[in-house]
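Peer 1: how would this look folded up:
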Amino acid sequence: MKLFRKLFFPFVPIYYAVTWIRNILYDVGIKRSISFDIPVICVGNLSVGGTGKTPMIEYLIELLKDNYKIATLSRGYKRKSSGFQLANTNASADLLGDEPFQFYSKYKKHIQVAVDSDRVHGIETLNSLQYPPEIILLDDAFQHRKVKAGLNILLTTYSNVFTNDFLLPAGNLRESSSGAKRAQSIIVTKCPIDLSENEKIKIIKDINPKLYQSVFFSSIKYSDSLKSIETTKNINDLSEFTLVTGIANATPLVYYLKGKNLNFEHLNYKDHHEFTEQDIAKFNTKNLIVTTEKDFMRLQAHQSLKGKLFYLPIQMGIDDSFKFDKLVKDYIALKR
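Peer 2: Okay, the predicted model is just below:
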């Protein structure tokens, strides 16, 4: 842990007390959590930063879209709109936020995409539509306890499992690790492809799941085909390029590209970075830009980047996916 984070340890008890009291108020019913008749699946984490929530939501969409009417509901972080918004042909990253706009861009023929900082209001509004969804996927809502989801999927990264982390502001945890008890499924994300069974056993022992909890391991699968609006390129054919990232943790992507012995420079920005005109002017001096799908959602609006801007698609692969898929489908069948 960096030295400056250690300086914040005296404030950890205060943060712990605030979050503990809040959770206790919900646990004993003084603060009300609202349940809904339709299946509500929550994907979230205990920590700040990227744990793979977007690939997890897309995994669920792929799993369920052929058999159910699905809606995703997100807060719409850093969007320039307010209130409830349902994506339509006028959708943009500014209106919805990066991740919801990504969901809409990829799956608009199959799902509804909505944003609302008040998840209860968002679900109620979706249910009141002329064609309401049959399943709602809540994106990044593990701490949004006003909604009592029927299935909670908690994500934690292999490189920083929540059991080894500290509360804010000294660490990255939004609440105590004891909050994991609310999850029915815990997924360790961004694992090495060759993660051994012995290491999985050790991690599961550290997590110490409850009897009702299942622990899974997942990894990121990168495509070799770079995509743009107009065309595709094989990443192995590139001689050199500029990698632009504005995500919480670009390390796995950088390692993957370096593992292919590719020649690139990396322009690394903070998560959800709002690219400025100065940034775009810098990008215009580059011959080829590779970025993440999330960053592509914002950058594609700049016409000057047309023809040189590509993104690298990713997918989440889950070990023992049959068991995980069955867990999700069994919950839906029971709820319906």
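Peer 1: Please list all residues in contact with the most centrally placed residue in the chain.
Peer 2: The chain has residue 53 as the residue nearest its centroid, 2.0 Å off, counting by CA atoms, centre = their mean. Neighbour list for residue 53: 43-45, 99, 139-140, 155 [criterion: CB atoms under 8 Å, 6 or more residues apart in numbering]. The way it works is simple: take the backbone N, C-alpha and C, and place the C-beta from them, glycine included.
Peer 1: Make CSV out of those residues and add pLDDT, secondary structure and neighbour count.
Peer 2: Output for those, formatted as CSV (pLDDT from 0 to 100; DSSP: H, G, I helix; E, B strand; the rest coil; neighbours: other CB atoms under 10 Å):
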residue, pLDDT, secondary structure, neighbour count
43, 98, strand, 28
44, 97, strand, 24
45, 97, strand, 27
99, 95, helix, 26
139, 97, strand, 24
140, 95, coil, 19
155, 98, strand, 27
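Peer 1: nearest to residue 205, of those residues?
Peer 2: Closest to residue 205 out of the contacts of residue 53 is residue 155 (19.1 Å), distances taken as CB to CB.
Peer 1: so how far is residue 298 from the closest one?
Peer 2: Look at residue 155 and residue 298: by CB to CB, to the nearest Å, they are 23 Å apart.
Peer 1: I'd like to know the phi and psi angles of the closest residue to residue 179 other than its chain neighbours, please.
Peer 2: Counting by CB to CB, 6 or more residues apart in numbering, residue 179 lies nearest to residue 46, which is 5.8 Å off, once chain neighbours are set aside. Note on residue 46: backbone dihedrals following degrees, to the nearest 10 are phi -100, psi -20.
Peer 1: for the one 10 residues further on, same thing?
Peer 2: Reported as degrees, to the nearest 10, the phi and psi values for residue 56 are phi -70, psi -40.
Peer 1: which residues of the stretch 151-300 of the chain fall in strands?
Peer 2: Secondary structure of the stretch 151-300 of the chain, counting by DSSP state E, counting those that start in this stretch: strands at 151-157, 185-189, 214-222, 225-227, 232-234, 240-245, 263-268, 289-291.
Peer 1: Give me the average confidence score over the last one.
Peer 2: This means strand 289-291. Averaged across strand 289-291, pLDDT comes to 97.
Peer 1: Given that strand, what are its sheet partners and their directions?
Peer 2: In the sheet, strand 289-291 lines up against strand 240-245 (parallel), strand 309-311 (parallel) (DSSP bridges).
Peer 1: which residues touch the first one?
Peer 2: Judged by CB under 8 Å, 6+ apart, the contacts made with strand 240-245 from elsewhere in the structure are 250, 253-254, 257, 262-269, 283, 286-292, 295, 299.
Peer 1: same question, the last one
Peer 2: When contacts are defined by CB under 8 Å, 6+ apart, strand 309-311 is touched by residues 226-228, 233, 283, 288-293, 295-296, 299-300.
Peer 1: Pull out the buried residues from these.
Peer 2: Listed as buried from the contacts of strand 309-311 are 226, 228, 233, 283, 288-293, 295-296, 299-300; burial here means 16 or more other CB atoms under 10 Å.
Peer 1: wait, which of these is closest to residue 74?
Peer 2: Once CB to CB is applied, the member of the buried ones among the contacts of strand 309-311 that ends up nearest residue 74 is residue 293, at 15.5 Å.
Peer 1: thought the closest one was touching residue 99?
Peer 2: No. Applying CB atoms under 8 Å as the test, residue 293 and residue 99 come out as separate, 9.6 Å apart.
Peer 1: and which of the contacts of strand 309-311 is nearest to residue 199?
Peer 2: Closest to residue 199 out of the contacts of strand 309-311 is residue 292 (27.3 Å), distances taken as CB to CB.
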